[in-house]
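Novice: could you look at this predicted model? Sequence included:
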Amino acid sequence: MAQIRIDQVRKEFGEFTAVQSSSFTIEDGEFFMLLGPSGCGKTTTLRMMAGLELPTSGEIYIDGEEVGMKPASQRDIAFVFQMFALYPHMNVGKNMGYPLRSQGMSRAETDRRVREVARILDIEHMLDRPVGGLSGGDRQRVALGRAIVREPKAFFMDEPLGALDAEFREHMAEELRALHDRINATTVYVTHDQLEAMQMGDKIVVMNHGVVEQFGKPQEVYDWPATRFVAQFIGSPAMNLMAFDGDVATGSQTIRMGDAPIAIPENRQRASGALSLGVRPEHIGFDDASRYRGKVVAAEYLGTTQIVTIDTPNGQIKARADSTVSVHEGEMLGLTFDPRTLTVFDEEGRALLSSANEGVLGHG
Amino acid sequence: MSSFSVTEPSRRMKSFAAFMVIAYAIITLLPLLWIIATGFKSPSDAIAYPPKIVFEPTLEGYVNLFTTRTRQTAEFLAENPPTTWYEKIVAQYGMVIAGPSRFGERFLNSVIIGFGSTFLSVFLGTLAAYAFSRYRIPLKDDLLFFILSTRMMPPIAVAIPIFLMFRQLGLSDTHAGMILLYTAVNLSLSVWLLKGFIDEIPREYEESALIDGYTRFQAFYKVVLPQAATGIASTAIFCLIFAWNEYAFAVLLTSGQAQTAPPFIPTIIGVGGQDWPAVAAGATIFLVPVMVFTILLRKHLLRGITFGAVRK
């Protein structure tokens, strides 16, 4: 198992820059998520780590060794593809044993390892079957099995659950996480599904347009987004971004939206112009005493909670409220925002450092 | 109880379909059956009018196809009575067998040139198609168009330049020359067909093999080739059919050494009158290799081997 470090890696395809100098470190044994919308460069980054693409510049270290220009076969890693890539002309057992045979392992030893892994994955009974007739989940298990038998330094997975039915995906996600905890292998996992990333990852990198937007633990990324993009990409519904013109001085603890003062964590970075206030739907409260008011447009009942859509002077926002709270369309509500959880974004969409988020964002 | 179904055609439609298939089969197979039957007729039965559907089969045509014969006096025949069945057939006409005909070696030439050029076309075509499918090649589209453009006129249109080139290079009437020519003609077809098949094979298979520790060539050999089997088989059949049946270049470029069966078969007619049964026998034997080859590869043509292994 190994630490993986990406240092100023960049990838260009002709004129198009797929990945702009990105750096991050994946610790030994971590379950690491590369998250972003399609075309953001996450898959390209993973493929460079695996050796399926060569970086235009920058260095990739696996286990302290620079491997950027080494072919995939010499990196001792395993890759699980979205479409599984099981060899259709081989049965389940042969598929799983294939990487071992390529290393020149004896037939008996290969068999023993394949059986052992098949037992872990609960696919022992289907070793002699052709892969064609297997269900999506079973094929995914076989693909995982083929990765695991090698006991590689790291597992790379490119949306491995993307091809499964929604219902089954959740089950496989749990299974995958449990498997990771059991064999404790460094795993890099590409997904565009923020829920999957939050659910499974020890750490998340959020990418957009080939740029690493943020890098951290799921909760840090959720609570303290570094950019407006991250704020909107993670969370469902997304973080509300309330636009306001103004100025925030260093040390300031309030902002003014309209004529209402709103308390924020103590600001550490001066900014002015077209700013926005980021607030998670669950951090909005209803209080008739508040001077900041909005009109209810719709309420969406979700069981224990409801999502209330509210028109405010600073744009439409969504609040998550207890479903016992009664709201009516057209009603004017006084709104409060939990001051400990707010983030102010500057004109470029970067989060301003504050007493609350500097612990997360301050170190880069 | 309703007999109406969306997926199951009605009984009447089924019988109609069966009738159409049988009618079509009869129309296409009739000339073939005619040729095969003629091969077993005697020369007089072969030209009888109205044509004889029922006749006494004889191997005369086949004997004539494989032998050369000379006329002998009745005394000679009386002194040396025919011993084998084929000598007896010939003796009815006052002839003796002088030696084997050249059909055997012409047929062998056809096999060497046909299969040789098919192998080369498919081998080179697979490599080229793989490269076109997987690598970033400068001017790729132009190159592919150029390759296809070699088939935009009938090959025989360039007969004279090729004739002169072959003469200059000493390739006229050689096996190598004919293999080269048929390979050149077939290669564009084979590159295009195989590129289509290889494009369909997801790259992930090779990438998976690369990560599993195989070299690029091993990945190609062990993962891509087995999955391209369907495409390779159908391409090989197309190439073989062209090379096997090609007539015009064979007439023009071969005579003694490397002559193939197509230009030879019509010459049989001139040996001792219009010997239609021998010609028909030659055509019948000539059909066999392509048929056998196609039947052998049939299972590859019908089997979609990637079925179910990839979820798209």
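Specialist: Looks like it arrived, so ask away. Quick caveat, the model's predicted, so the values are computed rather than measured. Numbers count the residues shown, from 1 in each chain, chains lettered A, B, ... in the order given.

Novice: what's around the nearest residue to A:Glu266 once chain neighbours are set aside, how many residues?
Specialist: Residue nearest to A:Glu266 in three dimensions, not counting chain neighbours: A:Ser355, with 4.0 Å by C-beta to C-beta, 6 or more residues apart in numbering or on different chains. In short, each C-beta sits where N, CA and C put it, glycine included. A:Ser355 has 14 neighbours, counted by other C-beta atoms under 10 Å in any protein chain shown.

Novice: and if you look at A:Glu331?
Specialist: Counted with other C-beta under 10 Å, A:Glu331 comes out at 14.

Novice: ok, now how distant is the residue nearest to A:Glu266 from A:Ala231?
Specialist: Going from A:Ser355 to A:Ala231 by C-beta to C-beta, to the nearest Å gives 19 Å.

Novice: go on, B:Trp192?
Specialist: To A:Ala231, B:Trp192 is 51 Å away according to C-beta to C-beta.

Novice: so for those two, which sits in the more crowded spot?
Specialist: A:Ala231 (27 against 18).

Novice: surely the more buried one forms part of a helix?
Specialist: Yes - under DSSP: H, G, I helix; E, B strand; the rest coil, A:Ala231 sits within a helix.

Novice: in contact with it, which residues are there?
Specialist: Residues in contact with A:Ala231 (C-beta atoms under 8 Å, 6 or more residues apart in numbering or on different chains) are A:Pro225, A:Ala238, A:Met239, A:Leu241, A:Gly278, A:Thr343, A:Phe345, A:Ala351.

Novice: three-state assignment of the fourth one?
Specialist: Looking back up the chat, that one is A:Leu241. Classification of A:Leu241 by three-state DSSP places it in strand.

Novice: burial of it, as a residue count?
Specialist: Neighbouring residues of A:Leu241 were enumerated by other C-beta under 10 Å; the total is 19.

Novice: per-residue pLDDT, it?
Specialist: Looking at A:Leu241, its pLDDT stands at 94.

Novice: distance check, it against chain B.
Specialist: A:Leu241 sits 37 Å away from chain B, going by C-beta to the nearest C-beta, to the nearest Å.

Novice: give me the beta-bridge partners of the residue nearest to that residue when sequence neighbours are not counted?
Specialist: Leaving aside its sequence neighbours, A:Leu241 sits nearest to A:Ser276 (C-beta to C-beta, 6+ apart; 4.5 Å). With DSSP bridges applied, A:Ser276 shows beta-bridge pairing to A:Ala243, A:Phe345.

Novice: chain B versus the residue nearest to A:Glu266, what's the distance?
Specialist: Taking C-beta to the nearest C-beta, one finds A:Ser355 at 46 Å from chain B.

Novice: how about the contacts made by that residue?
Specialist: Neighbour list for A:Ser355: A:Pro265, A:Glu266, A:Arg268 [criterion: C-beta under 8 Å, 6+ apart].

Novice: ok, of those residues, which come out buried?
Specialist: A:Pro265, A:Arg268 (16 or more other C-beta atoms under 10 Å in any protein chain shown).

Novice: tell me which of the contacts of A:Ser355 is nearest to A:Thr56?
Specialist: A:Thr56 lies nearest to A:Arg268 out of the contacts of A:Ser355, by C-beta to C-beta, at 36.0 Å.

Novice: list phi and psi for the closest residue to the closest one other than its chain neighbours.
Specialist: Leaving aside its chain neighbours, A:Arg268 sits nearest to A:Leu353 (4.2 Å; criterion: C-beta to C-beta, 6+ apart). Backbone geometry at A:Leu353, expressed as degrees, to the nearest 10, gives phi -70, psi 140.

Novice: count the residues that sit near A:Leu353.
Specialist: A:Leu353 - counted by other C-beta under 10 Å - has 20 other residues nearby.

Novice: isn't it right up against A:Val360?
Specialist: No - judged on C-beta atoms under 8 Å, A:Leu353 makes no contact with A:Val360 at a distance of 9.8 Å.

Novice: give me every residue that touches the residue nearest to A:Leu241.
Specialist: Residues near A:Ser276 by C-beta under 8 Å, 6+ apart: A:Arg228, A:Leu241, A:Met242, A:Ala243, A:Phe244, A:Val344, A:Phe345.

Novice: restricted to buried residues, select those in PyMOL.
Specialist: Filtering the contacts of A:Ser276 down to the buried ones (16+ other C-beta under 10 Å) takes a single PyMOL command:
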select buried, chain A and resi 228+241+242+244+344+345
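
Novice: which of the contacts of A:Ser276 sit farthest apart?
Specialist: Most distant of the contacts of A:Ser276, by C-beta to C-beta, are A:Arg228 and A:Phe244, 13.7 Å apart.

Novice: hmm, the helix ranked longest in chain A in reach of chain B?
Specialist: Across chain A, the longest stretch assigned as helix under DSSP state H is helix A:166-183. No - using C-beta under 8 Å from any C-beta of the partner chain, helix A:166-183 stays clear of chain B, with a minimum separation of 12.4 Å.

Novice: thanks a lot, catch you later.
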